[in-house]
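J.: build me a model from this:
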Amino acid sequence: MLEKFLNDKPLYYDEIDYSRMPRVYERIKDKISIPKVIHLIGTNGKGTTGRFLASALYSLGFRVGHYSSPHIIDFNERIWINGQNATITSLNFAHKNLLQILVEDEANSLSYFEYTTLLAMFVFQNLDYIVLEAGLGGEYDATAVFPTILTLVTPIDRDHEAFLGNTIQEIATTKLNSIQNNAIIANQLNQEVYEVAENISKKKSVNIYKIDTFLESEDLQKIEIISKKLSLVEYLKNNLQLSISALKFLEIKYSENDFKNSKLFGRLTPLTDNILLDVGHNILAAKSIYLSLKESKYILIYNSYKDKNYREILTILKPMIKHIEIINIDDNRIEDKNILTEVIESLNMKNSNFSEIKKDEKYLVFGSFKVVEEFLKSYNG
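T.: Down below sits the predicted model:
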């Protein structure tokens with residue numbers, strides 16, 4: 001039922017009607033019970049930060065939902081509730097009930113992401129907390145219509161420039177404008193983010209705290225212990241720090257053991273001893289991966305969407321890459337293979353078509369959720 005309904009909606013849009021989601025939510029909000037919402041915005045790290053926080057809250061005895069996107073294989077990866085992905089049965093039940101309060105034109109006109117966001121909120125009714133990840137941007141994102149108790153801001157960098165702006169200042173402004181009352185901002189690579197945060201804090205009379213405000217020496221010691229237990233690379237450790245700062249803001253006591261089941265698949269995840277998977281797809285992700293893996297050499301299994309700055313991404317990764325193997329993806333948003341190959345060769349990097357995994361080589365599968373999905377479908381290990 002739900003699968004067919006969503007398949008009839010396009011996943012991506014050249015233009016977005018930013019007035020539609022607020023208009024629909026305003027009409028139906030009295031029919032949905034919204035728990036306490038912690039909103040996640042930023043360029044990278046939202047998924048892992050959210051899962052660290054949601055898992056810890058659940059371990060501490062709270063009823064918790066975590067909404068993230070996109071999914072890798074199955075749609076229900078997006079809607080996690082009390083320690084596991086939502087069942088197809090519960091999603092179909094929520095879909096049926098949601099359609100009963102939407103008029104037909106609303107249900108049909110809502111975008112894929114807008115509808116699934118409302119669907120998630122239907123599933124998450126009667127919980128204690130929702131950890132809600134923005135899809136694109138912040139201020140005009142479908143997730144921004146719900147009342148929040150806290151916003152967490154992961155590192156902000158250039159991405160989705162066609163929708164968010166061409167400068168860090170523009171991108172940070174549209175993301176941070178979604179802050180409703182209180183926010184905690186992770187350590188940023190771009191100084192402009194702090195400047196925008198200060199301006200928005202004054203303009204909107206909201207509290208925007210730096211992450212160091214909440215992390216004491218005891219927390220830093222716990223973070224080191226958790227990171228070692230989970231084998232977290234540096235950028236994942238930074239995301240853990242942000243999730244713990246949220247617990248401190250909420251005045252919730254925690255222990256290292258509350259994070260034992262908190263890793264999110266596809267974020268530098270070891271599939272085998274010689275294969276790492278990462279769903280990242282932008283410059284900031286490439287920088288984080290390079291800093292984490294630069295001591296080793298990998299074969300890069302790769303492809304890219306047309307709108308990504310893959311030249312710069314590959315330039316960043318080049319020192320740790322033996323050569324590139326291009327994985328074929330059937331999607332009209334993927335760059336033409338000849339164009340991608342020309343760029344790779346202009347960087348003096350060798351490339352070939354991906355065909356098999358060799359046990360004596362190390363592999364990094366990277367480029368997007370779609371790259372990881374396609375690899376997992378073809379992998380026979």
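
J.: how about Glu345: what's its closest non-neighbour residue?
T.: Asn351 (7.1 Å; CB to CB, 6 or more residues apart in numbering). (C-beta placed from N, C-alpha, C; glycine too.)

J.: quick check: bridge partners of that neighbour?
T.: Taking DSSP bridges, one obtains Ile324 as the residues bridged to Asn351.

J.: which of the three states applies to His39?
T.: Following DSSP: H, G, I helix; E, B strand; the rest coil, the label given to His39 is strand.

J.: and Ile81, backbone torsions?
T.: Phi and psi for Ile81, reported as degrees, to the nearest 10, are phi -140, psi 120.

J.: ok, how many other residues are close to it?
T.: Neighbourhood size, Ile81 [other CB atoms under 10 Å]: 22.

J.: that one contacts Val123, doesn't it?
T.: Yes - between Ile81 and Val123 there is a contact under CB atoms under 8 Å: 6.3 Å.

J.: between those two, what contacts are shared?
T.: Gly65, Ser90 (CB atoms under 8 Å, 6 or more residues apart in numbering).

J.: tell me where the stretch 251-381 of the chain has strands.
T.: 267-272, 275-278, 298-302, 321-326, 351-353, 363-366 (DSSP state E, counting those that start in this stretch).

J.: out of those, which comes closest to Leu60?
T.: Leu60 lies closest to strand 267-272 among the strands of the stretch 251-381 of the chain, at 22.6 Å (CB to CB).

J.: got the CA coordinates for the closest one in CSV?
T.: Written as CSV, here are the backbone C-alpha positions of strand 267-272 (Å, rounded to 0.1, in the frame of the first residue of the first chain):
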residue,chain,number,x,y,z
ARG,A,267,29.3,5.6,7.9
LEU,A,268,32.8,4.3,7.4
THR,A,269,31.3,0.9,8.2
PRO,A,270,33.6,-2.1,7.8
LEU,A,271,31.6,-4.6,5.6
THR,A,272,34.6,-7.0,5.8
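
J.: which strands border it, and is each parallel or antiparallel?
T.: Looking at strand 267-272 with DSSP bridges, its partner strands are strand 275-278 (antiparallel).

J.: how far is the strand it pairs with from where the chain is centred?
T.: In terms of CA atoms, centre = their mean, to the nearest Å, the centre of strand 275-278 is found 16 Å from the chain centre.

J.: and the host helix or strand of Ile171, what does it pack onto?
T.: Using DSSP states H and E, Ile171 maps to helix 168-176. For helix 168-176, the packing partners by 3 or more CB pairs under 8 Å, 6 or more residues apart in numbering; DSSP states H and E come out as helix 161-164, helix 191-204.

J.: so who does the residue nearest to Glu345 touch?
T.: Counting by CB under 8 Å, 6+ apart, Asn351 has contacts His323, Ile324, Glu325, Ile326, Thr341, Ile344, Glu345.

J.: got a pLDDT number for it?
T.: With respect to pLDDT, Asn351 scores 97.

J.: cool, and Ile16?
T.: So Ile16 comes in at 79 (pLDDT).

J.: same deal with the one 5 residues further on?
T.: Predicted confidence (pLDDT) for Met21: 96.

J.: what sits up against the helix holding Ile171?
T.: For helix 168-176, using CB under 8 Å, 6+ apart, the contacting residues are 41-43, 134, 137-140, 153, 156-159, 161, 164-165, 183, 190, 192-193, 195-197, 200, 208.

J.: would you mark the buried spots in that helix?
T.: Ile168, Ile171, Ala172, Thr173, Thr174, Lys175, Leu176 (16 or more other CB atoms under 10 Å).

J.: top of the contacts of Asn351 by neighbour count?
T.: Ile324 leads the contacts of Asn351 on contacts (other CB under 10 Å) with 24 neighbours.

J.: OK, contacts around Ile88?
T.: Per CB under 8 Å, 6+ apart, neighbours of Ile88: Leu2, Asn76.

J.: please report how far it lies from Ala94.
T.: Distance of Ile88 to Ala94, computed by CB to CB, to the nearest Å: 11 Å.

J.: same question for Glu3.
T.: Between Glu3 and Ala94 the computed distance is 13 Å (CB to CB).

J.: and the two? Which one has more around it.
T.: Ala94 (21 against 12).

J.: pull the number of nearby residues for the residue nearest to that one when sequence neighbours are not counted.
T.: Closest residue in space to Ala94, ignoring its immediate chain neighbours: Phe122 at 4.2 Å, by CB to CB, 6+ apart. Counted with other CB under 10 Å, residues neighbouring Phe122 total 21.

J.: which helix or strand contains Phe122?
T.: helix 112-123.

J.: avg pLDDT for that helix?
T.: On average, helix 112-123 scores 96.

J.: of the helices and strands packed on helix 168-176, which shows the lowest average pLDDT?
T.: helix 161-164 (a mean of 61).

J.: and the gap between the residue lying closest to Glu374 once chain neighbours are set aside and Leu98?
T.: Spatially, and ignoring its direct neighbours in sequence, Glu374 is nearest to Ile329 (5.2 Å; CB to CB, 6+ apart). Per CB to CB, Ile329 is found 32 Å from Leu98.

J.: go ahead and confirm Glu256 touches Gln221.
T.: No - with contacts counted by CB under 8 Å, Glu256 stays clear of Gln221, the gap being 9.3 Å.

J.: out of those two, which sits in the more crowded spot?
T.: For the pair Glu256 and Gln221, the greater number of neighbours falls to Glu256 (16 against 11), based on other CB under 10 Å.
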